[in-house]
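[1] Sequence and predicted structure are below.
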Amino acid sequence: MKKTYFCVMSETYENGAVKAAITTRYCKVKPIDQYRKLPFMTARMDWFESRESAEAHLAGRAAA
């Protein structure tokens, strides 16, 4: 059975700027969190089973 999962996609740049968004994916199993470090930024994809959890994670990153 497929389910909707929520992804917080974020990019953190060397100068402290952060870009983030919540997207969704409809699939059978929760996707694996991903992390990529580049010379000028770090990109992350963190997956959650509920929109509320994704929004709470996003709010926590904004406060950090």
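    Arrived safely, thanks for sending. Numbering: from 1, shown residues only.
[2] Now do stretch 11-27: distance from first to last residue.
    One end of stretch 11-27 sits 24 Å from the other (Cα to Cα, to the nearest Å).
[3] And the average pLDDT for it is what?
    Mean per-residue pLDDT for stretch 11-27: 94.
[4] what's in contact with that stretch?
    Stretch 11-27 has contacts (Cβ atoms under 8 Å, 6 or more residues apart in numbering) with 2-10, 31, 40-44, 51, 54-55, 58, 61-62. C-beta: built from backbone N, CA, C; applies to glycine.
[5] rerun at 10 Å
    Contacts of stretch 11-27 from elsewhere in the structure, counted by Cβ atoms under 10 Å, 6 or more residues apart in numbering, are 2-10, 31, 36-48, 51, 54-55, 57-58, 61-62, 64.
[6] I'd like the next helix or strand past the helix or strand hosting residue 24.
    Element membership for residue 24 (DSSP states H and E) is strand 18-27. Read in the C-terminal direction, the helix or strand following strand 18-27 is strand 34-37, with elements assigned using DSSP H and E.
[7] That following strand - contacts with which helices or strands?
    Helices and strands touching strand 34-37, as assessed by 3 or more Cβ pairs under 10 Å, 6 or more residues apart in numbering; DSSP states H and E, comprise strand 3-13, strand 41-48.
[8] The residue nearest to residue 43 when sequence neighbours are not counted and residue 5, how far apart?
    Leaving aside its chain neighbours, residue 43 sits nearest to residue 36 (4.6 Å; criterion: Cβ to Cβ, 6 or more residues apart in numbering). When distances are taken as Cβ to Cβ, to the nearest Å, residue 36 and residue 5 turn out to be 19 Å apart.
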